[in-house]
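>>> here's a sequence, model it:
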Amino acid sequence: MKRLVLFSVLTFLLVACGDDDRGGSDTSTSGDTSTSGDTSTGGDTSSGDTTPPPMSPLVDPDCTDGMYTETLPNASADISDIAFTTAPAYYDEILQRRYPVGAHVVVGGRMHPSFGDCSELFAGGASTPEAAMQRLGVVVHECGHLMDLNLGTGATSVYVLTESVTKTCERGDSTDRGGDTFARSRINNDDYSAMRPPCNGTRTPGCDSYADVYLDGNPDDGTFEGGDQGFNLLHEETVQYVNSIATAYAFLDQEPPGRRTSARDGILTFLWYTERYLR
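This is a model prediction of the structure:
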């Protein structure tokens with residue numbers, strides 16, 4: 001049920017961020033985008049089985065997220081007959097069977113003119129199906145970034161959620177970078193940071209290692225660091241971690257025992273960041 005709530009939560013986030021729907025196939029990648037109102041909703045029934053997820057008691061059916069449904073990946077689809085030739089071809093086939101949204105963003109990410117085939121770029125030289133499977137989550141996540149980035153232009157950020165649901169946001173970057181929002185690293189100083197403080201390069205139990213990467217730097221020192229980016233790129237990362245957890249769910253049976261990924265921790269961390277940022 002928690003996984004279902006994560007999918008529904010995306011639409012709630014987009015109330016603060018998107019201002020239109022654009023259907024159709026895509027080619028993009030973008031960083032997080034930002035804050036303008038949207039009350040539109042969309043559904044998608046193309047990713048796997050045709051059974052819509054049950055409504056969570058945590059979701060109000062009268063709110064935007066309660067009006068949105070999205071089919072879960074088809075984690076039981078047989079992929080045993082798919083032969084491995086190259087990593088990109090293998091990704092296309094297995095994703096189409098189990099997580100078509102993932103297949104869509106991988107194809108879209110390839111369209112970015114500066115990076116070539118993102119599925120090959122992030123496959124890490126995988127030459128076996130086992131090695132390719134270990135990189136699958138990274139491939140979908142990073143190709144999703146490239147797809148959004150390629151579709152975005154200037155101050156407009158684009159977020160591809162499914163084959164039929166795309167959101168845009170205007171001027172979502174921080175004010176120092178030409179937008180209308182504040183640097184995301186400023187949430188390091190809020191009332192909640194002490195509950196899970198940044199690790200700052202240590203291995204202290206209970207610290208937040210994501211903060212070292214995404215909430216780094218001083219937004220007032222005139223030197224660019226990742227944490228200087230605004231809500232638009234915070235939201236972009238949240239969107240791609242939804243893809244990460246969906247991919248992990250779709251291919252859980254392919255994971256070796258005991259292997260750890262960031263799929264669950266990533267989306268939970270970025271939903272937490274989003275709540276703190278909006279507050």
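>>> hmm, residue 87 and residue 123 touching each other?
Yes - with contact defined as C-beta atoms under 8 Å, residue 123 and residue 87 form a contacting pair (3.9 Å). (C-beta placed from N, C-alpha, C; glycine too.)
>>> the more surrounded of these two?
Neighbour count, other C-beta atoms under 10 Å: between residue 123 and residue 87, residue 87 has more, with 25 against 22.
>>> coming back round to it: what do residue 123 and residue 87 both touch?
132, 135 (C-beta atoms under 8 Å, 6 or more residues apart in numbering).
>>> which phi and psi does the most centrally placed residue in the chain have?
In the chain, the C-alpha closest to the average C-alpha coordinate belongs to residue 240, at a distance of 1.2 Å (C-alpha atoms, centre = their mean). Note on residue 240: its backbone torsions stand at phi -70, psi -30 [degrees, to the nearest 10].
>>> try residue 200
Backbone geometry at residue 200, expressed as degrees, to the nearest 10, gives phi 50, psi 40.
>>> next one: the one 4 residues further on
Comment: the main-chain dihedrals of residue 204 come out as phi -60, psi 130, following degrees, to the nearest 10.
>>> what about residue 189, neighbour count?
Taking other C-beta under 10 Å as the criterion, the count of residues near residue 189 is 7.
>>> can you check residue 192 too?
Neighbours around residue 192, by other C-beta under 10 Å: 13.
>>> same check on residue 210?
21.
>>> hang on, it in a helix?
Yes - going by DSSP: H, G, I helix; E, B strand; the rest coil, the assignment for residue 210 places it inside a helix.
>>> which ones are touching it?
265-266, 269-270.
>>> can you rerun that using 10 Å?
196, 198-199, 237, 241, 262, 265-266, 268-270, 272-273 (C-beta atoms under 10 Å, 6 or more residues apart in numbering).
>>> residue 254 too?
The contact partners of residue 254, taken as C-beta under 10 Å, 6+ apart, are 75, 79, 94, 98, 129-130, 133-134, 136, 248.
>>> most surrounded residue in those?
Neighbour counts for the contacts of residue 254 were taken using other C-beta under 10 Å; the highest belongs to residue 136, which has 28 neighbours.
>>> pLDDT and secondary structure added to the contacts of residue 210, as JSON lines?
Written out in JSON lines, the entries for the contacts of residue 210 read as follows (pLDDT from 0 to 100; DSSP: H, G, I helix; E, B strand; the rest coil):
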{"residue": "196", "pLDDT": "96", "secondary structure": "coil"}
{"residue": "198", "pLDDT": "96", "secondary structure": "strand"}
{"residue": "199", "pLDDT": "96", "secondary structure": "coil"}
{"residue": "237", "pLDDT": "97", "secondary structure": "helix"}
{"residue": "241", "pLDDT": "97", "secondary structure": "helix"}
{"residue": "262", "pLDDT": "87", "secondary structure": "coil"}
{"residue": "265", "pLDDT": "94", "secondary structure": "helix"}
{"residue": "266", "pLDDT": "96", "secondary structure": "helix"}
{"residue": "268", "pLDDT": "96", "secondary structure": "helix"}
{"residue": "269", "pLDDT": "97", "secondary structure": "helix"}
{"residue": "270", "pLDDT": "98", "secondary structure": "helix"}
{"residue": "272", "pLDDT": "97", "secondary structure": "helix"}
{"residue": "273", "pLDDT": "98", "secondary structure": "helix"}
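>>> switch these over to CSV; also include neighbour count and distance to residue 219.
What follows is these, written out as CSV (neighbours: other C-beta atoms under 10 Å; distance: C-beta to C-beta, whole Å):
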residue, neighbour count, distance to residue 219
196, 15, 20
198, 21, 14
199, 17, 19
237, 24, 17
241, 24, 23
262, 17, 25
265, 16, 25
266, 21, 23
268, 15, 25
269, 20, 20
270, 25, 19
272, 16, 20
273, 24, 15
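>>> need those in CSV (columns: distance to residue 164).
Rendered in CSV, the data for these read as follows (distance: C-beta to C-beta, whole Å):
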residue, distance to residue 164
196, 36
198, 38
199, 39
237, 23
241, 21
262, 28
265, 29
266, 25
268, 27
269, 28
270, 24
272, 29
273, 27
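>>> tell me how many other residues crowd residue 276.
Burial measure for residue 276: 17 neighbouring residues, criterion other C-beta under 10 Å.
>>> got the phi/psi numbers for it?
For residue 276, the backbone dihedrals are phi -70, psi -40 (criterion: degrees, to the nearest 10).
>>> wait, it touches residue 191, no?
Yes - proximity of residue 276 to residue 191 meets the contact threshold set by C-beta atoms under 10 Å, at 8.5 Å.
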